[in-house]
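# Below: sequence and its predicted model.
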Amino acid sequence: MASVARVDLDGNPIKPITICMIGAGGFIGSHLCEKLMSETPHKVLALDVYNDKIKHLLEPENAHPWSDRIQFHRLNIKQDSRLEGLIKMADLTINLAAICTPADYNTRPLDTIYSNFIDALPVVKYCSENNKRLIHFSTCEVYGKTIGSYLPKDSPLRQDPAYYVLKEDESPCIFGSIEKQRWSYACAKQLIERLIYAEGAENGLEFTIVRPFNWIGPRMDFIPGIDGPSEGVPRVLACFSNNLLRREPLKLVDGGQSQRTFVYIKDAIEAVMLMIENPARANGHIFNVGNPNNEVTVRQLGEMMTEVYVKVSGESKLETPTIDVSSQEFYGVGYDDSDKRIPDMTIINKQLGWNPKTSLWDLLESTLTYQHRTYAEAVKKAISQASATS
Ligand SMILES: NC(=O)c1ccc[n+]([C@@H]2O[C@H](COP(=O)([O-])OP(=O)(O)OC[C@H]3O[C@@H](n4cnc5c(N)ncnc54)[C@H](O)[C@@H]3O)[C@@H](O)[C@H]2O)c1
Ligand SMILES: O=c1ccn([C@@H]2O[C@H](COP(=O)(O)OP(=O)(O)O[C@H]3OC[C@@H](O)[C@H](O)[C@H]3O)[C@@H](O)[C@H]2O)c(=O)[nH]1
């Protein structure tokens, strides 16, 4: 590590702190731990039920210079009396723990609501009671659908950013009806945001709320049948990666017309680092973290991933690279979708001076290179074993 004193955005030296990171073994947590270990002097108490994605940081045989700065605690925050003690030991708590795959929202709505609201409650309470700072991970899904989606299809106002750009301090949260259980996740996240905000207003909790807009990169979710359940449905990056690895057509839900903006995990982690190290600028704020320049329809995402995969794997393109499936067939009853997600970047720009850098093509190239290197052999083996036994 460089011996030059590290300073915050206001030029003040950054003091080493201890961070209690809940959900540290997941996709975002693994990247955040990596960054904190390799580039800062901070300590991490890493809490999760799994640690496969951070094993490389924990193994003593690798003799990392940071081995005394990261400690893994295998625990489920639903039922573990150690939670409060760990929060008390830290200066800052970051809560990433959640069920956050859309395939679960309408099929396991109770687990989804408990995970995103009930299980997060003690974390907020312990932070508030012990005067500890909290960075809580919410989601861009709290915006739900855009105002524009309710306008007539041919309305010119649909092109007006006032009807679709999502602003932390102005945009409403627009969800579907209760039968559309897809919104169980967004609604639970919204309520925990409101609770945290109220703890700030009434009890002085120092908090920051993060709303990630489709962060993607290596280690996101799992490849079904390889490092996750064969019948499992991960988020779109892993679904499409799985299809590409297996040489199957990519499934476009309801024709792949929904739009998303994707941001590279490494860019997004820079934003989180700024929040961690600039509390005076981050406290009391809700931040969109996304890349408004990387907007595509899901169909375009599928086409681009297909092109990039051909390039990085050297394999040919399928004759039929995509197929359409109905959302009911793919996700079951009660699915609904966000139509479009453009994050407004004013607040994060003003408070933290953060901007994303990586283009969609570049982030897909590094991510699919990783997917190919990590999974191609295992997938081939699984396919040949399956055909031998059938
Ligand atoms: N990746 C994104 O683009 C994205 C977008 C919006 C919101 N988010 C939010 O960011 C957070 C992290 O997302 P991620 O993509 O890293 O997901 P992830 O599923 O990879 O990570 C979540 C981690 O939390 C752990 N966890 C869940 N319940 C737990 C419990 N009861 N006790 C202990 N650990 C538990 C899981 O084991 C997992 O390792 C979530 O709150 C999610 O809602 C992520
Ligand atoms: O195989 C697939 C998978 C997904 N999709 C579509 O791709 C789009 C994106 O799907 P994702 O699985 O990434 O999930 P979403 O973007 O809808 O929600 C995500 O966004 C914010 C986070 O809080 C969550 O991690 C998740 O809810 C959706 O329109 C979905 O219907 C496909 O067309 N085919």
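Yep, that arrived. Ligands and ions are numbered 1, 2, ... in the order given.
# Give me the number of neighbouring residues for whichever residue of the stretch 1-150 of the chain sits closest to ligand 1.
Distance from ligand 1 to each residue of the stretch 1-150 of the chain (Cβ to the nearest ligand atom) is smallest for Gly26, at 2.0 Å. No exception for glycine: its C-beta is placed from N, CA and C like everyone else's. Other residues near Gly26 come to 24 when the count uses other Cβ atoms under 10 Å.
# And for it, nearest residue in space, chain neighbours not counted?
The shortest distance from Gly26 to any non-neighbouring residue, by Cβ to Cβ, 6 or more residues apart in numbering, is to Leu96 (5.9 Å).
# Report how many residues lie close to that neighbour.
Residue neighbour count, defined by other Cβ under 10 Å, stands at 23 for Leu96.
# Wait, it touches Ile135, no?
No - taking contacts as Cβ atoms under 8 Å, Leu96 lies outside contact range of Ile135: 9.1 Å.
# Scan this structure for its longest helix.
helix 360-389 (DSSP state H).
# dump the residue contacts of the residue most central in space within the chain.
Per Cα atoms, centre = their mean, the C-alpha nearest to the average position across the chain is that of Trp215, at 5.2 Å. By Cβ atoms under 8 Å, 6 or more residues apart in numbering, Trp215 lies in contact with 27-28, 262-265, 268, 289-290.
# Pipe the residues you listed into TSV and attach secondary structure per row.
Shown next, in TSV, are these (DSSP: H, G, I helix; E, B strand; the rest coil):
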residue	secondary structure
Phe27	helix
Ile28	helix
Phe262	coil
Val263	strand
Tyr264	strand
Ile265	helix
Ala268	helix
Val289	strand
Gly290	coil
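# is it possible to export these to JSON lines including pLDDT, distance to ligand 2 and neighbour count?
JSON lines is the format used below for the contacts of Trp215 (pLDDT from 0 to 100; distance: Cβ to the nearest ligand atom, whole Å; neighbours: other Cβ atoms under 10 Å):
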{"residue": "Phe27", "pLDDT": "99", "distance to ligand 2": "9", "neighbour count": "23"}
{"residue": "Ile28", "pLDDT": "99", "distance to ligand 2": "10", "neighbour count": "25"}
{"residue": "Phe262", "pLDDT": "98", "distance to ligand 2": "9", "neighbour count": "26"}
{"residue": "Val263", "pLDDT": "99", "distance to ligand 2": "11", "neighbour count": "26"}
{"residue": "Tyr264", "pLDDT": "99", "distance to ligand 2": "15", "neighbour count": "23"}
{"residue": "Ile265", "pLDDT": "99", "distance to ligand 2": "12", "neighbour count": "23"}
{"residue": "Ala268", "pLDDT": "99", "distance to ligand 2": "12", "neighbour count": "26"}
{"residue": "Val289", "pLDDT": "99", "distance to ligand 2": "11", "neighbour count": "25"}
{"residue": "Gly290", "pLDDT": "98", "distance to ligand 2": "10", "neighbour count": "29"}
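# out of the residues you listed, what pair is the most spread apart?
Based on Cβ to Cβ, the longest span within the contacts of Trp215 runs between Phe27 and Gly290 and measures 15.6 Å.
# quick one: stretch 354-369 to chain centroid distance?
Taking Cα atoms, centre = their mean, to the nearest Å, one finds stretch 354-369 lying 15 Å from the centre of the chain it belongs to.
# Tell me which residues are up against it.
Under the contact criterion Cβ under 8 Å, 6+ apart, stretch 354-369 has outside partners 216-218, 220, 237, 241, 244, 262-264, 266-268, 270-271, 274, 289-291, 293-294, 296, 301, 304-305, 308-309, 311-313, 345, 348-349.
# What are the buried residues along that stretch?
Using 16 or more other Cβ atoms under 10 Å as the test for burial, stretch 354-369 gives 354, 356, 358, 360, 363-369.
# Going through the contacts of stretch 354-369, which ones are buried?
If we count by 16+ other Cβ under 10 Å, these have these buried: 216-218, 220, 237, 241, 244, 262-264, 266-268, 270-271, 274, 289-291, 294, 296, 301, 304-305, 308-309, 312-313, 345, 348.
# Which ones among these map onto helices?
Members of the buried ones among the contacts of stretch 354-369 lying in helices (criterion: DSSP H): 237, 241, 244, 266-268, 270-271, 274, 301, 304-305, 308-309, 312-313, 348.
# number of nearby residues for the residue in the stretch 1-150 of the chain positioned nearest to ligand 2?
In the stretch 1-150 of the chain, no residue comes nearer to ligand 2 than Thr139, which is 3.3 Å away by Cβ to the nearest ligand atom. When neighbours are defined as other Cβ under 10 Å, Thr139 has 21 of them.
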